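Student: please find the sequence and the predicted model below.
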Amino acid sequence: IQRTEFAEQFLYVENKNSLEEIVFWTRIPMVLTGVFLGFLVFSWSNSLYGFKSGIFALFLYAFSPSILAHTRLVTMDIGATCFIFLALFSFYVYCRNPSSRNLILSGVTFGLAQLSKYTAIYLYFLYPILFFLFWVLQKKDFMVDYKISKDIKKLFLGIIIIFSIGSLVLFCGYFFELKPMLSNDVDVKEKIAYFEAFITKLPGGNSDFVKEKFVNLALNQPVPFSTYIMGFLGASNQTFVESRFHSMLFGNYSKDGWWYYYLIVFMLKTSFAVLVLLLITFLFSQGLRKNLMSELFITIPVVLLMMFTMVSTLTGGVRYILPIYPFLFVYISKITNINFQKSQSFVRRGLVYMLVLLPVFCHLYGSFKIYPHYLSYFNIFAGGANNGYKCLTRANIDLGQDLKGLDGYLRKNNISRVKLSYWGFAPPEIYNIHNLPIEEADKEIPSQDVYAISAHNIDQFKWTEEYKPSCKIGYSIFIYDFRFVNFM
């Protein structure tokens, strides 16, 4: 049985009367993970820049629409964001105080990050980059805070041990699995195709003999991490080779996407206030910097992950770059340490304080304004949440989350039937929505009915450019009421 089929059977058939309770309790671990990540953001900022900065970083984190959106969703994204941040924070602590305890902790957290989501594989590239920076900068005065810089060989060995402990944690997480990679797997033919696509990219991989040997190995030879490996091959094939979804950017569609797509996502889905504060922090960075290595610990992870997105064909929602935000909040938080010389004018000091405090207020206001529809947040560069569906792939605004809201709207307005074009997994019947089928003719010319259309499907209806929606349910479902419209 397919996983989606199992989920639908479990939630919407066997437990349909307990659906709300199940969804509530499954969200609790995500919320707690988000709370723990907030504590980590405060702790690292406090360690680098002081208590005021720690509180400010926590404020930016707690009212970030993207963080709030994904902390309430049962997905891997907030978990990956938390454990990637925790792994790097632990490695930072180890580099400052290279004790056995900190080394083991760094290895365990590295493994937890690998268990959380395949995105964390980029840490295998990040740690060697940080090692190289330690090697180049080891004799600089500011490296005195990092005791490990006195023994680069120990750092090299430490990274190997961290990777080894992490692999052991990963092995434990998969219950010490040892089986052929394609044994008892679903979609075996599809997985073989992923496997062959990966092999083809290896030297000599185009040979049918080599492909056959590798496929036989995957079918018959027990190996550790088999499920993890096949999952990684599938994810990497979809991310870097062949995405299943078409990308959309400002109304243009592409199968291959755009290398700068996630830069645009960042610019449109990040709070405008955070973008302004980031710019101000960068302009004042020279005077606010604690030391170069500490800055690199919180900036290199952001730069490297964004570089990875530039070679990705998978262009989805902001969740794919969610791990960069905690690092950015820590980086921005040092702005609270701006100091002025007594000779500087009152007007100049007031202007700088206003440039900082105004975005802070805007950040808070923007978060309250979009409540509770954080997933659909877009900043003023995009024209706000109402205009977001025109700018980016619809996963940035619509994950099928507003079906319950549609039910409330229909009840409030005494609408007994609706023509529904819904993008999501939950059957509308769960909320007693009696929907009429959408015919092909409906996509050309509307009839005298009420239409509810998900943002994902809006482009299928030619007339949506001519008619404005009567209402929007959480920015993701568009209501068109033609019951009293004469089209003649």
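Tutor: That came in fine, so what should we check first?
Student: for the record, mean pLDDT for stretch 434-445?
Tutor: The average pLDDT within stretch 434-445 is 89.
Student: swap in stretch 314-332?
Tutor: 93.
Student: quick one: terminal-to-terminal distance for it?
Tutor: 29 Å (C-alpha to C-alpha, to the nearest Å).
Student: and it, which residues are buried?
Tutor: Using 16 or more other C-beta atoms under 10 Å as the test for burial, stretch 314-332 gives 314-332. Every residue, glycine included, has its C-beta placed from N, CA and C.
Student: counting neighbours, what do you get for the closest residue to Ser476 other than its chain neighbours?
Tutor: Among residues not flanking Ser476 along the chain, Asp398 sits closest, at 3.9 Å (C-beta to C-beta, 6 or more residues apart in numbering). By other C-beta atoms under 10 Å, the residues close to Asp398 number 26.
Student: before we move on, back to that, just the ones in helices from the buried residues of stretch 314-332, please.
Tutor: Judged by DSSP state H, helices contain the following of the buried residues of stretch 314-332: Ile324, Tyr325, Pro326, Phe327, Leu328, Phe329, Val330, Tyr331, Ile332.
Student: what's near enough to touch the third one?
Tutor: Counting by C-beta atoms under 8 Å, 6 or more residues apart in numbering, Pro326 makes contact with Leu37, Leu40, Val41, Tyr61, Thr81, Phe85.
Student: let's go with 6 Å and repeat that
Tutor: Val41, Phe85 (C-beta atoms under 6 Å, 6 or more residues apart in numbering).
Student: give me the distance between it and Leu88.
Tutor: 10 Å (C-beta to C-beta, to the nearest Å).
Student: do the first one as well
Tutor: Counting by C-beta to C-beta, the gap from Ile324 to Leu88 is 12 Å.
Student: ok, now how distant is Phe89 from Ser47?
Tutor: 9 Å.
Student: which one's more surrounded, the two?
Tutor: Neighbour count, other C-beta under 10 Å: between Phe89 and Ser47, Phe89 has more, with 22 against 17.
Student: and that one, which helix or strand is it part of?
Tutor: helix 77-96 (DSSP states H and E).
Student: one step back: you'd agree the residue nearest to Ser476 is up against Tyr475?
Tutor: No - with contact defined as C-beta atoms under 6 Å, Asp398 does not count as touching Tyr475 (8.1 Å).
Student: rounded mean pLDDT for stretch 136-152, please.
Tutor: According to the model, stretch 136-152 has a mean pLDDT of 87.
Student: what does it contact?
Tutor: Residues contacting stretch 136-152 (C-beta under 6 Å, 6+ apart): Cys95, Arg96, Pro98, Phe134, Trp135, Leu155, Asn291, Leu292.
Student: now do the same end-to-end measure for that stretch.
Tutor: First-to-last residue span, stretch 136-152, C-alpha to C-alpha: 10 Å.
Student: buried residues in that stretch, which are they?
Tutor: Within stretch 136-152, judged by 16+ other C-beta under 10 Å, the buried ones are Leu137, Gln138, Met143, Tyr146, Ile148, Ser149.
Student: quick check, nearest of the residues you listed to Leu406?
Tutor: Tyr146 (54.9 Å; C-beta to C-beta).
Student: distance of that closest one from Glu295?
Tutor: Taken as C-beta to C-beta, the span from Tyr146 to Glu295 is 13 Å.
Student: which helix or strand in this structure has the lowest average pLDDT?
Tutor: Evaluated with mean pLDDT, DSSP states H and E, the helix-and-strand set of the chain has its lowest mean pLDDT in helix 285-288, which scores a mean of 67.
Student: and the next element down the chain from that one?
Tutor: Following helix 285-288 toward the C-terminus (DSSP H and E): helix 292-309.
Student: list the buried residues for that following helix?
Tutor: Buried, per 16+ other C-beta under 10 Å, within helix 292-309: 293-302, 305, 308-309.
Student: could I get these as CSV with distance to Leu219?
Tutor: Converted to CSV, the buried residues of helix 292-309 look like this (distance: C-beta to C-beta, whole Å):
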residue, distance to Leu219
Met293, 48
Ser294, 49
Glu295, 49
Leu296, 45
Phe297, 44
Ile298, 45
Thr299, 45
Ile300, 41
Pro301, 38
Val302, 41
Leu305, 35
Phe308, 31
Thr309, 34
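Student: with distance to Phe482 and pLDDT added, can I get the residues you listed in a markdown table?
Tutor: Converted to a markdown table, the buried residues of helix 292-309 look like this (distance: C-beta to C-beta, whole Å; pLDDT from 0 to 100):
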| residue | distance to Phe482 | pLDDT |
| --- | --- | --- |
| Met293 | 63 | 90 |
| Ser294 | 60 | 90 |
| Glu295 | 58 | 91 |
| Leu296 | 58 | 93 |
| Phe297 | 57 | 95 |
| Ile298 | 53 | 95 |
| Thr299 | 53 | 95 |
| Ile300 | 55 | 96 |
| Pro301 | 51 | 97 |
| Val302 | 48 | 97 |
| Leu305 | 46 | 96 |
| Phe308 | 46 | 92 |
| Thr309 | 41 | 90 |
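Student: can you pull out the strands in the stretch 351-488 of the chain?
Tutor: Assignment of strands within the stretch 351-488 of the chain using DSSP state E, counting those that start in this stretch yields the ranges 418-421, 435-436, 450-454, 471-473, 477-481.
Student: so what does the second one touch, helix or strand wise?
Tutor: Helices and strands in packing contact with strand 435-436 are listed as strand 418-421; criterion 3 or more C-beta pairs under 6 Å, 6 or more residues apart in numbering; DSSP states H and E.
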